[in-house]
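1. Build the 3D model from these lines:
(one chain, ligands or ions: 1)
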Amino acid sequence: MAKITLKGLRHSYMPNPSKPTDYALQQLDVDWEDGGAYALLGPSGCGKTTLLNIISGLLTPSHGEILFDGQDVTRMQPDERHIAQVFQFPVVYDTMTVYDNLAFPLRNRGVAEAEVDKRVREIAEMIDLTSTLDKRASGLTADGKQKISLGRGLVRTDVNVIMFDEPLTVIDPHLKWQLRSKLKELHQRVRTTMIYVTHDQTEALTFADKVVVMKDGQVVQIGTPVDLFERPQHTFVGHFIGSPGMNVLPCQVKGGKAFYEGIELGSWNASACKYEEGLELGVRPEFVKLSDAGVPVEIAKVSDAGRFQIVHTRKGDHSIKLLVPEGVEIPEKHAHLAFRSDHTQVYRDGWLVSGDNSHE
Ligand SMILES: Nc1ncnc2c1ncn2[C@@H]1O[C@H](COP(=O)(O)OP(=O)(O)OP(=O)(O)O)[C@@H](O)[C@H]1O
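-> Predicted structure coming up:
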């Protein structure tokens, strides 16, 4: 296991990059703590695979360093880095038994047979493969084969980090949730540093203690699932995480107070805002409620989301969503909305306004 440090990391696939958008990765400074369970979350094209390939050594970054426990590994070959990787599609030897597949990474490194046997049986038990150990891998379903890939990733004890690249893509939807919780449980048992790459917020939030959210080659926030929900550092995080995502509305700040369409709205960070341009207010639908006074809106649509109703409202060109518990009556046409001030925040050019925000 190791702490992984990315220092001033940048990468461009172009020979002569000149502007920020020429970089697939822009200036990353990230510490991945030893033994942590991380998810790397972001939309397609944000740079997740590029970053993974740099950590594993398949790609050398244009700038910056990668350190494992303080040791510079930037120019080291992949096999010298002691990393296990699990990919989207199963990597198994069909003609071998499940047992031999799991044993392969250990035998390959000359581990003694007694130790191989102990470890293979341990891992097989953890991922429910014990009953299939003597079967040929070719006879297994896609799910079963992907479990072997997971097992092969987990079987070594000498790895610095295990990286999972969208590992549940081929898994049947009804089995996905089982494997998601299984992976979390496995992390708690083996405590190896794990990085789980996904564009699916549910997978990221179920698995990770800390989620690293990326957008356009940048890390926009690193935080616990609760941090991402309660204090999105960027409006992108507010949109991308949550269902439905955060409401974002244009606003003005005067005398430390936030106004939307001339209506004063309480906001916990408006007093820290020294700017007048590019301001927006963010508030999650969970923190908006129907009220006697506040922002006047028209009700556009109500959709059922189980224990909640999602109420879609409009004010002019703006849409504001709120969650209302099931059974609560929703007015037919018009309503007023109140925002919870401790969860209503001001953003400037997308970034949360606060005293210590380096993006201001
Ligand atoms: N080999 C390459 N040559 C040139 N550009 C590349 C190459 N690989 C990736 N890119 C570009 O780098 C950017 C980041 O791509 P990357 O594959 O790292 O993103 P991603 O988040 O992993 O996306 P996905 O979820 O679709 O795999 C994209 O703009 C992509 O087009």
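
2. From here on, just use CA atoms for contacts and neighbour counts.
-> Noted.

3. Okay, now the unreliable bits of the chain?
-> 1, 355-360 (pLDDT under 70).

4. Return the set of residues that bridge with the spatially most central residue of it.
-> Among the residues of the chain, the one closest to the centroid is residue 41, at 3.1 Å (CA atoms, centre = their mean). On the basis of DSSP bridges, residue 41 is bridged to residue 198, residue 213.

5. How about whichever residue of the stretch 201-350 of the chain sits closest to the ligand: what's its closest non-neighbour residue?
-> At 6.8 Å from the ligand, residue 217 is the closest residue in the stretch 201-350 of the chain, using CA to the nearest ligand atom. Nearest non-adjacent residue to residue 217, counting by CA to CA, 6 or more residues apart in numbering: residue 25, 4.1 Å away.

6. list the contacts for the one you found?
-> 9, 10, 11, 12, 47, 50, 51, 216, 217, 218 (CA atoms under 8 Å, 6 or more residues apart in numbering).

7. Near the ligand, which residues of the chain? Just list them.
-> 13, 24, 43, 44, 45, 46, 47, 48, 49, 50 (CA under 6 Å from any ligand atom).

8. Mind putting those into CSV with secondary structure and neighbour count?
-> Below are the residues of the chain next to the ligand laid out as CSV (DSSP: H, G, I helix; E, B strand; the rest coil; neighbours: other CA atoms under 10 Å):
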residue, secondary structure, neighbour count
13, coil, 13
24, coil, 20
43, coil, 15
44, coil, 12
45, coil, 13
46, coil, 20
47, coil, 23
48, helix, 26
49, helix, 15
50, helix, 21
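
9. For these, which two are the farthest from each other?
-> Spatial extent of these (CA to CA) is set by the pair 13 and 43 at 19.0 Å.

10. any idea which strand is longest in the chain?
-> Across the chain, the longest stretch assigned as strand under DSSP state E is strand 295-305.

11. who does that one pair up with?
-> strand 308-315 (antiparallel), strand 334-339 (antiparallel).

12. Turn those strands into JSON lines, including mean neighbour count.
-> Below are these laid out as JSON lines (neighbours: other CA atoms under 10 Å):
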{"stretch": "strand 308-315", "mean neighbour count": "18"}
{"stretch": "strand 334-339", "mean neighbour count": "18"}
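
13. Give me the buried positions along the helix or strand containing residue 259.
-> For residue 259, the host element (DSSP states H and E) is strand 257-260. Across strand 257-260, burial judged by 16 or more other CA atoms under 10 Å covers 257, 258, 259.

14. residues in contact with the spatially closest residue to residue 283 that is not a sequence neighbour?
-> Closest residue to residue 283 apart from its sequence neighbours, by CA to CA, 6+ apart: residue 344 at 4.8 Å. Counting by CA under 8 Å, 6+ apart, residue 344 makes contact with 266, 267, 268, 281, 282, 283, 284, 287.

15. Just the ones of the residues you listed in strands?
-> 281, 282, 283.

16. Helices of this protein, residue ranges please.
-> Listed in chain order, the helices of the chain (DSSP state H) span 48-56, 98-107, 113-126, 142-154, 173-190, 201-207, 225-230, 235-240.

17. Please compute how far the fifth one lies from its chain's middle.
-> Averaging C-alpha coordinates over helix 173-190 and over its chain gives two centres that are 16 Å apart (CA atoms, centre = their mean, to the nearest Å).

18. on that earlier part again, out of the helices of the chain, flag the one nearest residue 81.
-> That would be helix 48-56 among those, by CA to CA, at 7.1 Å.

19. show me the contacts for the closest residue to residue 218 other than its chain neighbours.
-> The spatial neighbour of residue 218 that comes closest, neighbours along the chain excluded (CA to CA, 6+ apart), is residue 26 at 5.6 Å. If you count contacts by CA under 8 Å, 6+ apart, residue 26 has them with 9, 10, 11, 20, 217, 218.

20. Now list the buried members of the residues you listed.
-> Buried among these by 16+ other CA under 10 Å: 9, 10, 11, 217, 218.

21. from these, which is closest to residue 162?
-> Closest to residue 162, out of all of these and judged by CA to CA, is residue 9, at 20.4 Å.

22. quick one: the residue nearest to residue 54 when sequence neighbours are not counted from residue 253, how far?
-> Spatial nearest neighbour of residue 54, excluding adjacent residues (CA to CA, 6+ apart): residue 60 at 5.9 Å. Residue 60 is 45 Å from residue 253, where distance means CA to CA, to the nearest Å.

23. Can you pull the domain assignment for the protein?
-> 4-15+22-235, 245-352 (automatic domain parsing).

24. excluding its backbone neighbours, what's nearest residue 61?
-> Using CA to CA, 6+ apart, the nearest residue to residue 61 is residue 11, at 5.1 Å.

25. and that neighbour, what are its bridge partners?
-> If you apply DSSP bridges, the partners that residue 11 bridges to are residue 25.

26. That one contacts residue 53, correct?
-> No: checked against CA atoms under 8 Å, the pair residue 11 and residue 53 is beyond contact range at 11.1 Å.

27. Using CSV, lay out the strands paired with strand 295-305 together with distance to residue 274.
-> As requested, those are exported to CSV (distance: least, CA to CA, whole Å):
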stretch, distance to residue 274
strand 308-315, 27
strand 334-339, 22
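
28. which residues sit against stretch 136-145?
-> 90-98, 101, 170-172.
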